[in-house]
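Enquirer: quick check, what structure comes out for this input:
(one chain, ligands or ions: 1)
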Amino acid sequence: MSIHIGDLVPDFEAETTQGPIRFHDWIGDHWAFFFSHPADFTPVCTTEIGRTAQLSKEFASRRVRPIGLSTDWIHAHREWIEDVNATQNTHVDFPIIADPEAKIARAFDMIHPGEDVTDAVRSVFIIDPDKKLRLTMTYPMNVGRNFDEILRVIDALQLADARRIATPADWTPGGKVIIPVSISNDEAKDIFPKGWDTLRSYLRVTEL
Ligand code: BEZ
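Expert: The predicted structure is shown next:
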């Protein structure tokens with residue numbers, strides 16, 4: 001089953017390295033960075049779990065809870081976390097879901113048989129406090145994710161929600177933003193008192 005942007009994400013119960021969870025309750029009123037990795041005790045995955053742990057404060061400051069998943073058993077996760085902590089000089093402080101029967105991986109369409117018939121690919125799901133999918137990215141087995149981009153898209157989503165804007169290509173926090181066409185010039189005067197540049201009638205850019 002594939003999940004689309006805007007869908008309510010599947011709820012599930014799972015065993016994790018921090019105890020059992022029900023997914024929607026675990027998200028609570030936070031955002032979630034839910035990501036799968038192919039297998040424990042593999043090199044790229046080790047760096048990704050480590051990077052997520054190193055960015056713990058960055059996720060917390062955005063009210064985002066990270067949670068990993070692979071189709072491995074809980075005892076393997078626990079043993080492997082020791083390696084991650086030692087080699088990546090960090091402390092893994094977020095849960096990793098054990099999904100040995102791949103039930104959750106299948107529900108989230110993380111198994112791509114062209115890559116591997118049992119292991120999950122590197123899926124990313126950014127989920128909002130309403131448990132709606134806001135963004136998804138899929139990487140193959142042999143390419144590690146870009147965590148600057150993961151934080152950037154979370155910033156862009158949260159800013160778009162808060163300020164009724166859209167973000168242009170390669171936007172980073174503090175950069176100019178786009179006034180959506182759904183906002184008339186009259187309405188924009190109230191919302192964006194600093195004004196804006198009109199490059200085309202459909203392309204208005206402003207600073208916040
Ligand atoms: C890795 O994390 O290094 C990896 C995992 C599965 C297949 C290939 C690479």
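Enquirer: quick one: low-confidence ranges for the chain?
Expert: 1 (pLDDT under 70).
Enquirer: can you give me the strands in it?
Expert: Ranges of strands within the chain are 13-16, 19-22, 31-36, 64-70, 96-98, 122-127, 133-139, 177-179, 197-200, 203-206, based on DSSP state E.
Enquirer: mind checking which of those is nearest the ligand?
Expert: Evaluated with Cβ to the nearest ligand atom, these place strand 122-127 nearest to the ligand, the distance being 8.4 Å. Bear in mind the C-beta positions are built from the backbone N, C-alpha and C, glycine included.
Enquirer: so that closest one, near the ligand or not?
Expert: No: Strand 122-127 stays clear of the ligand (Cβ under 6 Å from any ligand atom), getting no nearer than 8.4 Å.
Enquirer: one step back: what would the strands of the chain look like in JSON lines with distance to His112 and mean neighbour count?
Expert: Below are the strands of the chain laid out as JSON lines (distance: least, Cβ to Cβ, whole Å; neighbours: other Cβ atoms under 10 Å):
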{"stretch": "strand 13-16", "distance to His112": "21", "mean neighbour count": "16"}
{"stretch": "strand 19-22", "distance to His112": "25", "mean neighbour count": "11"}
{"stretch": "strand 31-36", "distance to His112": "11", "mean neighbour count": "24"}
{"stretch": "strand 64-70", "distance to His112": "14", "mean neighbour count": "23"}
{"stretch": "strand 96-98", "distance to His112": "18", "mean neighbour count": "25"}
{"stretch": "strand 122-127", "distance to His112": "9", "mean neighbour count": "22"}
{"stretch": "strand 133-139", "distance to His112": "8", "mean neighbour count": "17"}
{"stretch": "strand 177-179", "distance to His112": "33", "mean neighbour count": "21"}
{"stretch": "strand 197-200", "distance to His112": "39", "mean neighbour count": "10"}
{"stretch": "strand 203-206", "distance to His112": "37", "mean neighbour count": "16"}
